[in-house]
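Engineer: 3D, please:
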Amino acid sequence: MVRLRHTVIAALPFLVAGHASARMVDRPVSWTFEGARYDSVLVYDDATAARRPGLLMVPAWFGVNENAIRKAEGIAGQRYVILLTDMYGATIRPKDTASARDAVSPLLADRPMMRRRAAFALARFRSLAAQAPIDTTRLAAIGYCFGGAAVLDLARSGADIAAAVAFHGNLSTDDPALAHAIRARVLAMNGADDTTTSPQFDGFLTEMRASPAPWQFLAIGHAVHCFTEKEATAASGLCRYDAQADGWSSKMMRAWLDESFATH
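Structural biologist: Residues are numbered from 1 along each chain as shown. Below is the predicted model of the structure:
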């Protein structure tokens, strides 16, 4: 067992031998914060020892599970080290829409708590540089659906990260004035036909105009909510995967991160 200061590496039940490719590492990382344990996963390719940018990744509202780990592996490649971040606590692993809604509701209702949890996770991520090839001068945060809200709130907290990228994320805020504290370059990408988040578009634009940092908001034509989530397979509805929007937004993310790391 590898032990870090204030961080314990421990086994998680859903991580099994042979899960990843021969060079991909899925390393469980746990910590305690405000009396609760959080189980996250550090994801990177160890084929090279070269230090690379770190991405704090907050998954969609089903949290840290096998689907989220596979997604993190696909994003990481040899390009990034990713901390797939548990925002709920180790005892909360939603299995259906109702339990996922129950998991996110307390955080969306208490945004200072969400910001504290995200900031603590970022601090733990920095502390892992001795165990993984993380370039701590190049850190960013990415998030999906609920995770988009989490990384936007991390940016609103004034976190010292190069960028925050939100995919089909909740754009709301409890305090629009926090935009003045944003230092990260913010990229938010939402489906133009996303009835879940589209009512928030105007408020987000108004808020972000007060940000001193560069930002972009992109409405992707014909896309609805969950457009990057391959498990959202319904032929129609409020939440549906869109391969074209997924691929295009991923390219936009990489370009935004490259530029952000170059100028941070």
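Engineer: Just the strands from the stretch 1-150 of the chain, written as ranges.
Structural biologist: All strands of the stretch 1-150 of the chain, identified by DSSP state E, counting those that start in this stretch, fall at 3-4, 7-8, 24-33, 36-45, 52-58, 81-84, 134-144.
Engineer: What residues of stretch 237-252 count as buried?
Structural biologist: By neighbour count on 16 or more other Cβ atoms under 10 Å, the buried set for stretch 237-252 is 239-242, 245-246, 248-250, 252. C-beta here means a position set from N, CA and C on the backbone, and glycine is covered the same way.
Engineer: Likewise for stretch 35-51?
Structural biologist: 38-45.
Engineer: Over to stretch 118-131?
Structural biologist: Neighbour counts using 16+ other Cβ under 10 Å place 118-122, 124-125, 127-128 of stretch 118-131 among the buried residues.
Engineer: Contacts for that stretch, please.
Structural biologist: 2, 4-7, 9, 27, 29, 31, 33, 38, 40, 42, 54, 56, 58, 83, 85-87, 134, 136, 139, 141, 150-151, 153-154, 157, 159, 161 (Cβ atoms under 8 Å, 6 or more residues apart in numbering).
Engineer: partners of the strand or helix carrying Asn190, with directions?
Structural biologist: Assigned by DSSP states H and E, Asn190 belongs to strand 185-191. Within its sheet, strand 185-191 is paired with strand 163-167 (parallel), strand 215-220 (parallel), according to DSSP bridges.
Engineer: Check which element follows the last one along the chain.
Structural biologist: As assigned by DSSP H and E, the chain's next helix or strand after strand 215-220 is helix 243-263.
Engineer: doesn't Gln78 make contact with Asp45?
Structural biologist: Yes. The criterion here is Cβ atoms under 8 Å, and Asp45 meets it with Gln78 at 4.7 Å.
Engineer: where does the stretch 151-264 of the chain have low pLDDT?
Structural biologist: Applying pLDDT under 70 to the stretch 151-264 of the chain flags the ranges 235-236.
Engineer: again, only using 90
Structural biologist: 233-238, 264 (pLDDT under 90).
Engineer: Which residue comes closest to Arg37 once chain neighbours are left out?
Structural biologist: Ala90 (4.5 Å; Cβ to Cβ, 6 or more residues apart in numbering).
Engineer: Over to Asp135?
Structural biologist: Arg51 (4.2 Å).
Engineer: show me the contacts for that neighbour.
Structural biologist: So Arg51 contacts 133-135 (Cβ under 8 Å, 6+ apart).
Engineer: ok, and the most crowded of the residues you listed?
Structural biologist: Using other Cβ atoms under 10 Å as the neighbour criterion, Ile134 leads those with 25 neighbours.
Engineer: From Ala50, how far out is that residue?
Structural biologist: Using Cβ to Cβ, to the nearest Å, we find Ile134 at a distance of 11 Å from Ala50.
Engineer: before we move on, what about Arg209?
Structural biologist: Counting by Cβ to Cβ, the separation of Arg209 from Ala50 is 39 Å.
Engineer: Compute the number of surrounding residues for the nearest residue to Asn67 once chain neighbours are set aside.
Structural biologist: Nearest in space to Asn67, with sequence neighbours left out and distances taken as Cβ to Cβ, 6+ apart, is Glu231 at 5.7 Å. Glu231 has 12 neighbouring residues, counting by other Cβ under 10 Å.
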